[in-house]
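>>> just the structure for this:
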Amino acid sequence: MRDPKAELRRRSLARRDLVTPGEAHEAAAAVARRSVALVDAIARDAARQESPVVSVYWPIRSELNTRPLIDALAASGYRVTLPVMHKVRHPLVFRAFTPGDDLVKGPFGLSEPADDKPAYDPDILFSPLAAFDRLGFRLGYGGGIYDATLSALRAKKPVIAIGVAYSCQEADHVPTEPHDQRLDAILTEQETLRFSSAIA
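Here you go, the predicted structure:
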């Protein structure tokens, strides 16, 4: 019997792999521009004294490139962190990052800030994904890391989770389980999908 999540993940990532370099470049610029506007709106609505801590993933493989977003957030004065992975199915740690900082290879081969960088719990978290649907559910890569992370963070404080993907990764329906964490918004090169009153 086929695993519906595994089958959806395989099909969606195959579509993502077909995105051309030109399309990827335009998508990264569009998502960066709209993401900063979204973070600006969230920060205004929160009326917090300090600017929010924003976590953004460092892209791997054919993921939508978030490096322009990281640069734009830092240039706008936001405190940016990158996720650090220690164990599968365990919450991520988020360490400070400024464009130009050296990154190190973590135990799972990911580019991450060094352990001497301070750790912060993000207020806004940009998440990669394999597939998404219009109910705000994401399909990850099968490790359960972002679900565990969001569950732990949301037990401590309100955290806004925003998925980042190409529009070709949309699915009619993402199979869910009780532990799956719903996103507050999803950004693609074409549109911003909102699922929470926390997103204006």
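>>> helix/strand/coil for the spatially closest residue to residue 179 that is not a sequence neighbour?
Leaving aside its chain neighbours, residue 179 sits nearest to residue 147 (5.5 Å; criterion: Cβ to Cβ, 6 or more residues apart in numbering). The C-beta positions use only the backbone N, C-alpha and C, and glycine is treated the same way. Under DSSP: H, G, I helix; E, B strand; the rest coil, the three-state class of residue 147 is helix.
>>> my guess is residue 147 contacts residue 139. True?
No. Using Cβ atoms under 8 Å, residue 147 makes no contact with residue 139, being 10.6 Å away.
>>> ok, those two, which is more surrounded?
Each of residue 147 and residue 139 has its neighbours counted (other Cβ atoms under 10 Å); residue 139 has more, 24 against 18.
>>> now do the residue nearest to the more buried one when sequence neighbours are not counted: how many residues are near it, please.
Leaving aside its sequence neighbours, residue 139 sits nearest to residue 131 (Cβ to Cβ, 6+ apart; 4.1 Å). Neighbourhood size, residue 131 [other Cβ under 10 Å]: 26.
>>> and residue 131, how far from residue 30?
Per Cβ to Cβ, to the nearest Å, residue 131 is found 20 Å from residue 30.
>>> who are the packing partners of the strand or helix carrying residue 37?
Applying DSSP states H and E as the criterion places residue 37 in helix 21-46. Judged by 3 or more Cβ pairs under 8 Å, 6 or more residues apart in numbering; DSSP states H and E, helix 21-46 is in contact with helix 67-75, strand 124-127, strand 160-164, strand 185-187.
>>> dump the ones you listed into a markdown table; add mean neighbour count, mean pLDDT and distance to residue 35 as well.
As requested, these are exported to a markdown table (neighbours: other Cβ atoms under 10 Å; pLDDT from 0 to 100; distance: least, Cβ to Cβ, whole Å):
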| stretch | mean neighbour count | mean pLDDT | distance to residue 35 |
| --- | --- | --- | --- |
| helix 67-75 | 19 | 98 | 5 |
| strand 124-127 | 25 | 98 | 7 |
| strand 160-164 | 26 | 98 | 7 |
| strand 185-187 | 24 | 97 | 6 |
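>>> so which of those is nearest residue 109?
helix 67-75 (18.0 Å; Cβ to Cβ).
>>> so what touches the closest one?
Residues from elsewhere that reach helix 67-75, judged by Cβ atoms under 8 Å, 6 or more residues apart in numbering: 28-29, 31-33, 35-36, 39, 54, 56, 58-59, 80, 97-99, 126.
>>> any weak-confidence spans in the protein?
1, 46-49, 200 (pLDDT under 70).
>>> run the last query once more with 90
1-2, 44-51, 86-90, 106-110, 142-144, 177-180, 197-200 (pLDDT under 90).
>>> and the gap between the residue most central in space within the chain and residue 73?
Closest residue to the average C-alpha location of the chain: residue 127 at 1.5 Å, with Cα atoms, centre = their mean. Distance of residue 127 to residue 73, computed by Cβ to Cβ: 15 Å.
>>> could you do residue 9 as well?
Taking Cβ to Cβ, one finds residue 9 at 28 Å from residue 73.
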